[in-house]
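>>> fold the following.
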Amino acid sequence: MSINQLICVCIILVAGCGSSDVASVSKPQVQVAFDLKSRSAFTIPASINLPSENPQNPGSNLQLAMYCPECDRWYPAPPLEQIHRTPGVGECRKHGTPLSFEGPLPEQSIPFLDENTAGTPEQEEKE
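A predicted model of the protein is given here:
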């Protein structure tokens, strides 16, 4: 095998390494939020920044929720800075088990209006 043939084989092998068969990591479409007034957990679009006002319950705030597998329940999450800095903050108060941002999704959801459709006649008719 000549040097030129060897170089061609190497180029072909290297070019094949960039295939698109690698599984892409997708972002979650929803997140779990905790309504501080009703003390309930809801699914909301992942694009919503929390804390946020609950559009279905004016005067109530939504914040990120964390799940306790022992209680089988969602709780309001403390600020992320506290979770990393203060020991015990990210644990269930009843069981002492670590809380998680992952768990079974609540059945209740809160739809948020898309900024592009807010105020259009079609949207007002639906309300």
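>>> could you use CA atoms for every contact and neighbour count after this?
Noted.
>>> what is the subsequent helix or strand relative to the strand ranked longest in the chain?
The strand spanning the most residues in the chain, taking DSSP state E as the definition, is strand 61-68. As assigned by DSSP states H and E, the chain's next helix or strand after strand 61-68 is strand 73-76.
>>> that following strand pairs with which strands?
Strand pairing for strand 73-76, using DSSP bridges, gives strand 61-68 (antiparallel).
>>> show me where the chain has helices.
Counting by DSSP state H, residue ranges of the helices within the chain are 3-16, 80-85, 121-126.
>>> for the record, mean pLDDT for the longest strand of the chain?
The predicted model gives strand 61-68 an average pLDDT of 95.
>>> stretch 28-43 too?
When pLDDT is averaged over stretch 28-43, the result is 93.
>>> so for that stretch, what gets flagged as buried?
Residues of stretch 28-43 classed as buried by neighbour count (16 or more other C-alpha atoms under 10 Å): 31-36, 40-43.
>>> got the phi and psi for Ala46?
phi -70, psi -20 (degrees, to the nearest 10).
>>> which residues sit in contact with it?
28-31 (C-alpha atoms under 8 Å, 6 or more residues apart in numbering).
>>> could you export these as CSV, including distance to His95?
As requested, those are arranged in CSV below (distance: C-alpha to C-alpha, whole Å):
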residue, distance to His95
Pro28, 28
Gln29, 30
Val30, 27
Gln31, 24
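>>> closest one of those to Gly59?
The shortest distance between Gly59 and any of the contacts of Ala46, using C-alpha to C-alpha, involves Gln31 and amounts to 20.9 Å.
>>> what separation is there between that closest one and Gly88?
Per C-alpha to C-alpha, to the nearest Å, Gln31 is found 23 Å from Gly88.
>>> pass me the low-pLDDT residue ranges in this protein, would you?
Where the chain drops to pLDDT under 70, the residues are 1-27, 113-127.
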